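**Student:** Provided below are the primary sequence and the corresponding predicted coordinates.
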There are 2 protein chains.
Amino acid sequence: MNKETTIYDIAKELGVSPTTVSRALNNHPAVNEKTKKKIFDAALESGYQSNVFAANLRNKRTYNIGVIVPRLNSSFQSSVLAGMEKVANELGFNLIISQSLESYDKEVANALSMFNSRVDGLLVSLAGDTENIDHFKPFLKKGTPLMFYDRIAEHSNSTGFTIDNIQAAQNATNHLIQQGCKRIVHVLRTLKINVYADRLKGYKYALLENDIPFRPSLVIYADLVEEAGEEIVNQILKMDPMPDGLFVSNDSCAASCIRHLKLEGIRIPEDIAVVGFNNEVISRLVEPNITTINYPGYEMGELAMKNLINQLEKPGEGMLHNTKKITLRSELIIRESSKRK
Amino acid sequence: MNKETTIYDIAKELGVSPTTVSRALNNHPAVNEKTKKKIFDAALESGYQSNVFAANLRNKRTYNIGVIVPRLNSSFQSSVLAGMEKVANELGFNLIISQSLESYDKEVANALSMFNSRVDGLLVSLAGDTENIDHFKPFLKKGTPLMFYDRIAEHSNSTGFTIDNIQAAQNATNHLIQQGCKRIVHVLRTLKINVYADRLKGYKYALLENDIPFRPSLVIYADLVEEAGEEIVNQILKMDPMPDGLFVSNDSCAASCIRHLKLEGIRIPEDIAVVGFNNEVISRLVEPNITTINYPGYEMGELAMKNLINQLEKPGEGMLHNTKKITLRSELIIRESSKRK
DNA sequence: TTGTATGCGTTATCAT
DNA sequence: ATGATAACGCATACAA
């Protein structure tokens, strides 16, 4: 391992001081153009590479943003991350990503690791297990910007990016009712996560609005993955009378349900009308195409990252520095899986 | 911003030297158990947090691994990343992720940024644009482990993780031929990427094996995204005579093709038998289910990360330190989209 | 077992 | 416009 070039080496080589080299390399205005040129040339020549640690040690900044996601291999989450990465990259920040795998313990460990890595800011979508967010307190105490997205901490003071899940679910359910559905099954993951709790609320509101009684037996809790469809359909088949509407909290799972319903000879949407959530690619490819809620994940990622970095650069000044909740627009996209008229 | 606790503060508080504190905190054997206990307590009490930069500045290690992917929001890539993150996390490494968005220029910029961030190792899946890999030379020169996966650099000396794309495509094509197909369309992205070049080879080999002439007009180059299906189907419809087999290089695109073929009244698999690639979730949800090649992305991510870190920890000793290519098992999964008998 | 002194590479302060 | 110096916080060679 040959020693690396430092500003001292360049300084010695050119007969100037390290300070001047540092200034030149950082485009400080108060340095002669000719000197600057010389220094840049020498730096290039020698393959000089700025040592970020030394710089960080002084600056107390890392230009790293941490992101904690429930899982990386989710259609929605990877869209969000793509949006975040794009913005971060453009603004000169790196993304450190870790997954909680829906486990509170892992989330705590990841938060600690992010804290020790001294990320400049942190974006989090909470794990399903998480009931308190004390593990993020060190960030707040230190003044490190912390924001949540999608699965947000309702009762914290941190900014959260969401869609209006209540309204979205209400729209979805209302739409099913308008199509003539009277017994609508709702499939969600867990009430611990705000996202699903809100959607259940919206579902209930819509029923109420239409004088349809809420039946707890029509709410199914399931892992919203492709594999869950079969079991969900089994439960539906056992219901008597059979439901005539199905509102599933994500599209992959809705697609899986549709597939298994069809295998049982049930017609979609005639026998059961189906609505999904997220507007994943899959909703446009299965047959029939799935009515869904467009959830702008990529845009949410961009927006969240922009705001986080904005707060970083201009503390206390950013438009959102004391905003608690940013709600993105989402809308119902009606397709064949629910269209009866 | 209140000043942070350092080992000096703890040292002063306890009347010992900073050295002792440093040693205690790092579990150095040569330190009295009682002293160690005292120091740990004081550290906990004061909310001491080790400064990674100062440590890195000395150690010249970051415990950060860089990953450059073509895009984050891809079903395959996010599986790989999930596998990588799991292993890295368990072994105490952070993941810095950036996307090239298939652009050579962005890849170069990202590589530079990773280099400046001094990642301990780098994992790369190349952009579609990339024709040379000189931008990774600094890593090699410095001795930073560099490995490729999926889209590997064929003529470099770096380890690459792949599946046998030639064999996989050959199997897929052979299967279609066995189902009675004589005019098989192959859809791929670009020959610049080894993955697709190899698959085209496998496709050709299978034809050759079965005395079917290779017709360049049956090879379609397209962006393998959901949106591309319509245009691909348009091209197919113009072919005379109509093809009777379709081998698409990923499942989302295959699903999209199937959808548009069906909209045109073409029966799958009777009129055209279809094979996809990757064994994405979608392949099990559309109708008919898509015959595909199982590409173990998650496992590839795990394996690549394990090997990279292994090389990091035991330079020159790892089982793979001088291996050029690791090939994972992949297999043809036959489903309804191609099954004629 | 513990401590002293020094270097890691950069940048901010102050002086020239 | 440039330079000398100190400080960032840690870890290690060497000394005791």
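**Tutor:** Arrived safely, thanks for sending. Numbering: from 1, shown residues only, chains lettered A, B, ... in the order given.
**Student:** all strands in chain A, in order from the N-terminus.
**Tutor:** A:64-69, A:94-99, A:121-124, A:146-149, A:159-163, A:184-188, A:219-221, A:245-248, A:273-275, A:292-294, A:325-328, A:331-333 (DSSP state E).
**Student:** Quick one: closest of these to chain B.
**Tutor:** Each of the strands of chain A has some distance to chain B by CB to the nearest CB; the shortest is strand A:94-99, at 5.1 Å. Bear in mind the C-beta positions are built from the backbone N, C-alpha and C, glycine included.
**Student:** Show me what that closest one is packed up against.
**Tutor:** In terms of contacts (3 or more CB pairs under 8 Å, 6 or more residues apart in numbering or on different chains; DSSP states H and E), strand A:94-99 is packed against strand A:64-69, helix A:75-90, helix A:104-116, helix B:75-90, strand B:94-99.
**Student:** Need the strands of chain A in CSV (columns: distance to DNA strand D).
**Tutor:** Output for those, formatted as CSV (distance: least, CB to the nearest atom of the strand, whole Å):
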stretch, distance to DNA strand D
strand A:64-69, 17
strand A:94-99, 20
strand A:121-124, 19
strand A:146-149, 21
strand A:159-163, 28
strand A:184-188, 45
strand A:219-221, 46
strand A:245-248, 50
strand A:273-275, 54
strand A:292-294, 47
strand A:325-328, 34
strand A:331-333, 49
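**Student:** and these as CSV, adding mean neighbour count and mean pLDDT?
**Tutor:** Shown next, in CSV, are these (neighbours: other CB atoms under 10 Å in any protein chain shown; pLDDT from 0 to 100):
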stretch, mean neighbour count, mean pLDDT
strand A:64-69, 26, 97
strand A:94-99, 25, 96
strand A:121-124, 26, 97
strand A:146-149, 25, 96
strand A:159-163, 23, 96
strand A:184-188, 26, 98
strand A:219-221, 16, 98
strand A:245-248, 28, 98
strand A:273-275, 28, 98
strand A:292-294, 24, 98
strand A:325-328, 15, 94
strand A:331-333, 16, 97
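**Student:** Residue B:225 is nearest to which of those strands?
**Tutor:** Among the strands of chain A, the nearest to residue B:225 by CB to CB is strand A:292-294 (17.8 Å).
**Student:** which stretches of chain A aren't confidently modelled?
**Tutor:** Within chain A, the segments meeting pLDDT under 70 span A:1-3, A:315-322.
**Student:** and it, what are its domains?
**Tutor:** The record's domain parsing of chain A by automatic domain parsing lists A:7-50, A:63-163+A:297-328, A:165-295.
**Student:** hmm, back to that, would you mind finding the most buried of the helices and strands packed on strand A:94-99?
**Tutor:** Highest mean neighbour count among those (mean count of other CB atoms under 10 Å in any protein chain shown): strand A:64-69, with a mean of 26.
**Student:** does any part of that one sit near chain B?
**Tutor:** Yes: using CB under 8 Å from any CB of the partner chain, strand A:64-69 reaches chain B at residue A:64.
**Student:** quick one: contacts of that strand?
**Tutor:** A:77, A:80-81, A:84, A:88, A:93-100, A:107, A:110-111, A:114, A:117-125, A:305, A:308-309, B:96, B:117 (CB atoms under 8 Å, 6 or more residues apart in numbering or on different chains).
**Student:** can I get the CA coordinates of that strand in CSV?
**Tutor:** Coordinates of the C-alpha atoms in strand A:64-69 are reproduced here as CSV (Å, rounded to 0.1, in the frame of the first residue of the first chain):
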residue,chain,number,x,y,z
ASN,A,64,-24.5,10.6,3.9
ILE,A,65,-28.2,10.3,4.3
GLY,A,66,-29.5,7.2,6.0
VAL,A,67,-32.6,5.4,4.9
ILE,A,68,-34.3,2.6,6.9
VAL,A,69,-36.9,0.6,5.0
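**Student:** Also compute the angle for it relative to helix A:104-116, please.
**Tutor:** Angle, strand A:64-69 to helix A:104-116, by axes from the mean of the first three to the mean of the last three CA atoms, to 10 degrees: 180 degrees.
**Student:** Looking at the domains of chain A, which is nearest to residue B:182?
**Tutor:** Nearest to residue B:182, of all these, is domain A:165-295, at 27.7 Å by CB to CB.
**Student:** First-to-last residue distance for the closest one?
**Tutor:** Start and end residues of domain A:165-295 are separated by 10 Å (CA to CA, to the nearest Å).
**Student:** What residues are bridge-paired with residue A:332?
**Tutor:** When bridges are called by DSSP bridges, residue A:332 pairs up with residue A:293.
**Student:** With residue A:187 instead?
**Tutor:** For residue A:187, the beta-bridge partners are residue A:220, residue A:248 (DSSP bridges).
**Student:** so it makes contact with residue A:222?
**Tutor:** Yes: counting by CB atoms under 8 Å, residue A:222 is a contact partner of residue A:187 at 5.7 Å.
**Student:** any shared contact partners between the two?
**Tutor:** A:232, A:253.
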